[in-house]
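[1] Task: produce atomic coordinates for the following.
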Amino acid sequence: MLNQPKCHFLLSSLLFSLYSWNKATCSLGKGRDIWQQPKPDPTLKGQSFLHDTFPLGFLWGSGTSAFQTEGAWNQNGKGASIWDSFTHSSVSGSLDREAANVASDSYNRWEEDVKALEYLGVRSYSFSLSWPRLFPDGNARGQPNTATVKHYSYLIERLLEKKIEPIVTLHHWDLPQVLQEDYGGWKNETVVELFEEYATFCFHTFGSRVRYWLTMHNPYLVAVQGYGTGVHAPGEKGGPATSLTVAHNLIKAHAKAWHAYNANFRTTQKGKVSIVLGSHWVEPQRGKAIDASAELCQESIEAALGWFASPIFGDGDYPVSLKTKLGALLPAFTPEEKLWVQKTADFFALSFGPNNLRLGQSVISYGQTVTPDLRRLLGWIKLEYGNPSVLVAEGGWFSEATVGKEDTVGIYLMKSFINQVLRAINLDGVRVFGYMAWSLVDGFEWNYGYSIRRGLFYVDFSQPNRTRSPKSTAQYYREIVNDNGFPSDETSQEVKGYFPCNFHWGIADSTLQVNFYPFSPQFTDPHLYSWNLTGDGSLHQVPGVKLQTRRAQCTDYLAIRDHLNLLESTRASHYRFALNWSLILPQGDLSNVNTEALRYYRCIVTELKKRDLEALVVIYYPTHRSPNLGLPVPLHASGGWLNYSTVNAFQEYAALCYQELGPWVQNWITINEPNRLVDVYSSGEDKHLAAHNLLLAHAKAWRLYEKEHYSQQQGLVSLALHADWAKPANPFLESHTVAAERFLLFELGRFLDPLLGTRREEKHNMGDYPQEMRTYLEERARVMGLPGSPLPNFTETEREELRGALSFIALNHFTTRLVSPRSHTQDSFQQKPPPDHDCLILSDPTWPSSSLRQAIVPWGLRKMLKWVSQRYDGAIPIIVTGSGIDDQAPVEDKLRQHYLRSYLQEALKAYHLDGVNLHGFYVWKLQDRHVPQYGLFTSAQHQSKAKASINVYREIIALSGSPNNDSVQPCRFSELHEPCSICAWMFTNKAMLVFGGCLLITAAMLAALVIFKTFCILP
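    Residues are numbered from 1 along each chain as shown. Predicted coordinates for the structure are as follows:
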């Protein structure tokens, strides 16, 4: 963000900081209802982003203002404006060095502006007339500047030739300087009369060719910034009273112009007249009462937008909240003026951009949050003013001047704003008929000079020809205009079908906590007890007697039983959990083996087998929270993964795991997310060395299993990689496409290429890092002035060991990233070491996201699976070994339900449409520890409670995908894993069943004795 100007917002403080809730004095507009309505649910289709088109005939356009772009400040008899004087004087501070004398030179290069509009394909152009260019003395009673009349006539005629609708603003802040000097500008009602005469001239001269007129642009900023704080021209710091007077006169000037058109021109010209009003948007403080928060927010919007909109679109008077707070300071409309001002606009013209949002940010109090939510503001206008037709006369943001033509962030802000308008139209019923992307070309940005840019076309102000070059936002806006919005794409089409019969329906967890204490004390306590000796029902220890105890059995561990009961209730077929290396081998070698820990893990895998569930066991699960990265302390102290000895130690540890647990484990992960583990190392050399050793450790563990255990255990071994999809942030730049591919190679190719090679590689070339990665790092080292690439080399023996050392590809996928390249100059490297892939990570604000800011991008999973399948041997199985979303809802976790349905739908597309050999999907994770997050179960006060998303997962598992109603399921997988309800009842009531069985046996024996006596007594 930009630094705020060094000025005092005296008026702003008065208007906004005095908010208090008073039901007796608040206005009765319906706009306040919007804060009491529930916010749109991002899990519902179209609420976070709507794929649809705008109404036919929607008025796409772009806009500029005269002072910002025309230049030619004293050409062809033009008079000075207050902004000319302001920028040429010392009053404006540094702006005297950045005057708009030439700016974009649109006065002379207007034909290039028309060509820019043709490039965009828009149907309208919003521009302003220069009052001091038409009338240098500001008095329309005199003769106009003939050259200026011809200039604007040529522009309008050319626009009409190109079938581009002119939308003409009479006054965009550039008041003739002479009117400021002679009358005090907008402080004087004389200027109101002069504006009416100027408007009448414009209607008469140009009105036969113009259907849309805007009297003035954002009068709020003129009143507050121009006459209250002095940040804008004319630079007066008159305080609240002056600003209120100026605003009053601006409203009356607009009304006079509207009445002039209505009385003299409407019947013949059939045009429409309005005024552009600007506003911010606010959301309530969290935790505050709904009614009170809504009232505070209502007053905030009334003090900016309502200040001008209520007299014009409402009852002809200021909002009650303003009158209550400002009292006699606020000018009053007479009863006649109220009727005369009321309804003096034929449509609502809205400005929504950084100027109002910046000011709103500095003056909102009571914890209100300023947000760029155009949809909600449009909804407020509908409720407050009776659903008028709306033109978004200024929509857009800004970028720093250094960004140049590659304004990537601007693409996503534009996407967000325009889609908000689409949702307001199609979902909320707001009658928006046009959108002006602001602005057409770079220009002079008022008190920010040339330090920021807002144009769709880049202008190099250092070059005399002021060439217009389309920015990325221009290319993107062109696509939106051509498509008339955001038409549906293939990602929104559902696929019906089944997953394969051997599909892993899994639950994934991290390192499983070991609880050594059995819950049955009779097997661990050697003492003998007598009961009820004293008649009080208590136990008394028998002195001097000790009995032999047995070791705790797997069934004695309450934690295991309860944990697996939760797991089984999900209907999952597989469970992924991790072992604790530092617990099993505290010294990092076999000199001290924790046999009890191994036994506990053995209990887990054997109990899973008994329940017909399969284990996927992670041998090493690094953690960033632990000071030792999940390593035994001695190994970490000796350098951890920077020391090759850790590779050998890991092989020894893996061998122990295979030996002790292998008979019950069919799927192994050697290392979880080594590509995230290397991020903890600060230098590039350390990252590469750690990755190198992690790869070798995995390969050694894989080869060991293949050689010594596979023939008997028949298991599969892999390593799991964090695999978020990378989308080029800027779709119009090849450099971004290259950066996204490079990001994937550093994230995934670094580990998979040495193990699998690529489809285009000969087998003898396998066992090495991606060649593209090597080439990039060598060039990077050259730019940095380093002797060579930091990427280590594998020996031929190591390469042979690496080749093919992967039984399946395991990917942990959660979200999608926008990726752009960093500029890699030597200076930037010296300031802070960048990531070795030299990429910047962004996020699309239109993607729905969780409370932890994880974006939900289902199609990214399909893209990732397809990329991996195409790069490597498509026959090798791929398993998504971890995927999930945080959701703060304790039970009704709608976000997670949406996540599971949408991500598994994309997985199904990858399997059926892309031919990906997908063998499994594991949901992260089983249970929350403290607060609701990723778990399928909550855990409050040690009581587990199922969340609603479990039913969603169960349903998908039962159907084995998303079949058609008339399709035949190719396998009976769901039946095989359907829990036995009778068995479950028997397990729950086993004590009663044993007791009942004993009674039954006793009764049978008694009956047998009776029968025996009856038939066997001798006579």
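[2] for residue 406, what are its contacts?
    Each residue near residue 406 by C-beta atoms under 8 Å, 6 or more residues apart in numbering is listed here: 471, 472, 730, 733. Backbone N, C-alpha and C define where each C-beta goes, glycine included.
[3] any chance of those residues in JSON lines, plus distance to residue 433?
    Below are those laid out as JSON lines (distance: C-beta to C-beta, whole Å):
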{"residue": "471", "distance to residue 433": "26"}
{"residue": "472", "distance to residue 433": "27"}
{"residue": "730", "distance to residue 433": "31"}
{"residue": "733", "distance to residue 433": "33"}
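[4] closest to residue 541 among the residues you listed?
    residue 730 (78.0 Å; C-beta to C-beta).
[5] In three-state terms, how would the closest one be classified?
    Classification of residue 730 using DSSP: H, G, I helix; E, B strand; the rest coil returns coil.
[6] wait, isn't it in contact with residue 408?
    Yes: contact criterion C-beta atoms under 8 Å: residue 730 and residue 408 qualify, at 4.3 Å.
[7] So between the two, which is more surrounded?
    Neighbours per residue (other C-beta atoms under 10 Å) separate residue 730 from residue 408, with residue 730 holding more: 26 against 23.
[8] With respect to residue 144, which of the contacts of residue 406 is nearest?
    Relative to residue 144, the closest of the contacts of residue 406 is residue 471; by C-beta to C-beta it sits at 35.8 Å.
[9] circling back: shared neighbours, residue 730 and residue 408?
    The contact sets of residue 730 and residue 408 overlap at 472, 736, 820 (C-beta under 8 Å, 6+ apart).
[10] So which of the residues you listed sit within helices?
    472, 736 (DSSP state H).
[11] Could you export the shared contacts of residue 730 and residue 408 as JSON lines, including pLDDT?
    Putting those into JSON lines (pLDDT from 0 to 100) gives the following:
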{"residue": "472", "pLDDT": "97"}
{"residue": "736", "pLDDT": "97"}
{"residue": "820", "pLDDT": "96"}
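[12] quick one: which of the shared contacts of residue 730 and residue 408 is most hemmed in?
    Most surrounded of the shared contacts of residue 730 and residue 408: other C-beta under 10 Å gives residue 472, at 25 neighbours.
[13] Could you list the low-pLDDT ranges of the stretch 451-600 of the chain?
    Applying pLDDT under 70 to the stretch 451-600 of the chain flags the ranges 490-491, 516-524, 550, 552.
[14] those helices in it, which residues are they?
    472-483, 558-569, 581-584, 595-610 (DSSP state H, counting those that start in this stretch).
[15] Same list (the ones you listed) but as JSON lines, adding distance to residue 500.
    JSON lines is the format used below for the helices of the stretch 451-600 of the chain (distance: least, C-beta to C-beta, whole Å):
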{"stretch": "helix 472-483", "distance to residue 500": "38"}
{"stretch": "helix 558-569", "distance to residue 500": "22"}
{"stretch": "helix 581-584", "distance to residue 500": "33"}
{"stretch": "helix 595-610", "distance to residue 500": "21"}
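[16] Out of the ones you listed, the one nearest residue 724 is which?
    Closest among the helices of the stretch 451-600 of the chain, using C-beta to C-beta: helix 472-483, at 23.3 Å.
[17] I'd like to know which elements that closest one is packed against.
    If contacts are counted by 3 or more C-beta pairs under 8 Å, 6 or more residues apart in numbering; DSSP states H and E, helix 472-483 sits against strand 59-63, helix 110-120, helix 408-426.
[18] CSV for the ones you listed, including distance to residue 210 and mean pLDDT?
    Listed next are the helices and strands packed on helix 472-483 as CSV, based on distance: least, C-beta to C-beta, whole Å; pLDDT from 0 to 100:
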stretch, distance to residue 210, mean pLDDT
strand 59-63, 14, 98
helix 110-120, 16, 98
helix 408-426, 24, 97
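[19] Now render those as CSV, adding distance to residue 45.
    Output for the helices and strands packed on helix 472-483, formatted as CSV (distance: least, C-beta to C-beta, whole Å):
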stretch, distance to residue 45
strand 59-63, 25
helix 110-120, 30
helix 408-426, 11
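[20] Check the burial of residue 339 by counting its neighbours.
    Residue 339: 12 surrounding residues under other C-beta under 10 Å.
[21] quick one, which of the helices and strands packed on helix 472-483 is packed in tightest?
    Highest mean neighbour count among the helices and strands packed on helix 472-483 (mean count of other C-beta atoms under 10 Å): strand 59-63, with a mean of 25.
[22] so what strands line up beside that strand?
    Here strand 59-63 has these sheet partners by DSSP bridges: strand 124-128 (parallel), strand 431-438 (parallel).
[23] any chance of the ones you listed in TSV, with mean neighbour count and distance to residue 313 too?
    What follows is the strands paired with strand 59-63, written out as TSV (neighbours: other C-beta atoms under 10 Å; distance: least, C-beta to C-beta, whole Å):
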stretch	mean neighbour count	distance to residue 313
strand 124-128	26	20
strand 431-438	24	13
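[24] Perfect, that will be all.
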